[in-house]
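> Sequence below, structure please.
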Amino acid sequence: PRKNPWAKGRKRNTLTPRETSNTLQFFGDKMAKPVTRFWDRIFMILEAAVFAVAGLLQRKRSPWLIGNHAPVAYEVDGECELISGALPEELHGAYMRNGYNAALRPQLDYHPFEADGMIHCVRLR
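So this is what the prediction gives:
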């Protein structure tokens, strides 16, 4: 006759974790170490793959980081040369815009919306 696994007095195999000195183990000591080693290796392989792909993406040159779009690491506060003539009084004011400037090196592929902000200003008086 077949034994009922839910009968009283019969010990059931449960999946309750128990804390040990270094890992959380299931199924007792005999199964935990091989299972832990297996998953450790799987995660190490996955981690290496992620970093390899990230390295390939990082090496790709973005058009937003070269030429006229290259990051500016300094500020310029200069005097303008005086030119003869006069500006109309309606032009008194400032032109400001918020633009991108990659102050830090991007971790992966770069997009201008992910850059650090920089205020550009031209003042007329």
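> okay, CA-based contacts and neighbour counts for the rest of this
Noted.
> for Val72, helix, strand, or coil?
Secondary structure, DSSP: H, G, I helix; E, B strand; the rest coil: Val72 is coil.
> which residue sits closest to it in space, ignoring its chain neighbours?
Computed as CA to CA, 6 or more residues apart in numbering, the closest residue to Val72 that is not its neighbour in sequence is Asn101, at 6.7 Å.
> beta partners for that neighbour?
Counting by DSSP bridges, Asn101 forms beta bridges with Asp116.
> go on, Cys121?
Met96.
> Surely it and Gly93 touch.
No - at 10.5 Å, Cys121 does not count as touching Gly93 under the criterion of CA atoms under 8 Å.
> Hmm, the residue nearest to Val72 is touching Gly117, no?
Yes - contact criterion CA under 8 Å: Asn101 and Gly117 qualify, at 5.9 Å.
> more crowded one of the two?
Neighbour count, other CA atoms under 10 Å: between Asn101 and Gly117, Asn101 has more, with 21 against 14.
> Just the helices from this structure, written as ranges.
For the chain, the helices defined by DSSP state H occupy 29-59.
> Which parts of it belong to which domain?
As given by automatic domain parsing, the domain ranges for the chain are 18-59, 61-72+91-125.
> Comparing the ones you listed by mean pLDDT, which bottoms out?
Least confident of the domains of the chain, judged by mean pLDDT, is domain 18-59 with a mean of 66.
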